[in-house]
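S.K.: Next comes the sequence, and after it the predicted model I'd like to discuss.
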Amino acid sequence: MKRMLDIAVSLLLLPLLGVVVCLAFIANRFEGGGTIWFRQTRYGVHGLPFSIHKLRTMRVAEDGIHFRQAHAGDARVTPFGRFLRSTSLDELPQILNVLKGDMSIVGPRPHPTLLDETYRDAIEDFEKRYHVKPGITGLAQVRGLRGPTETVEVMRKRIESDLEYVDRASLMLDIEILFRTLRAVLVRKNAF
């Protein structure tokens, strides 16, 4: 049932992805060019790496050891990129990851690999989050636990929600998180 929900929601969002990609392409021409598509390595189910799809929102595309989290007022973020990030539309290409089977609509949000490498030994049961597919949205995100994770304590709070999701995972919880995500996107809490 979860896979059916993933496919149904992804197919419903495909037209929106097409519109957003077209707008990103046009905005990109005015903001200096370059690719609009961004891929980054993340760890998925069973801790296996995969390439996550995003719309590029910054003038640089960082991965691996060169990764640095974006923050409010970050000069690397383009003007249209600010809009994409504030509305979470930069994450929309991940429906392709969902259709491919690397991700689900709902699950623990996959971090850039450097963040996982930094915090996995510092937070108890960190790797339990790999027991399920990562998601475009999750319990941590609807609780407002988004944005930079510059301390162990900030990351621990996010991971606690991820682990709670792993323990409580159900179709009803996924549906609840989807509705809460829609509300969070409209309010734009902790998005920049």
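M.R.: That came in fine, so what should we check first?

S.K.: what residue lies at the spatial centre of the chain?
M.R.: The residue lying closest to the centre of the chain (CA atoms, centre = their mean) is Ile136, at 4.9 Å.

S.K.: Could I get the average pLDDT for the longest helix seen in the chain?
M.R.: Across the chain, the longest stretch assigned as helix under DSSP state H is helix 2-30. Regarding helix 2-30, the rounded mean pLDDT is 92.

S.K.: just stretch 142-160 next, same as before
M.R.: Stretch 142-160 comes out at a mean pLDDT of 89.

S.K.: and the longest helix of the chain, what other elements does it pack with?
M.R.: strand 49-55, helix 79-87, helix 94-100, strand 104-106, helix 171-187 (3 or more CB pairs under 8 Å, 6 or more residues apart in numbering; DSSP states H and E). Backbone N, C-alpha and C define where each C-beta goes, glycine included.

S.K.: Mean pLDDT, mean neighbour count and distance to Leu11 added to the ones you listed, as TSV?
M.R.: Shown next, in TSV, are the helices and strands packed on helix 2-30 (pLDDT from 0 to 100; neighbours: other CB atoms under 10 Å; distance: least, CB to CB, whole Å):
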stretch	mean pLDDT	mean neighbour count	distance to Leu11
strand 49-55	94	19	16
helix 79-87	84	18	21
helix 94-100	97	20	8
strand 104-106	98	27	11
helix 171-187	90	14	15
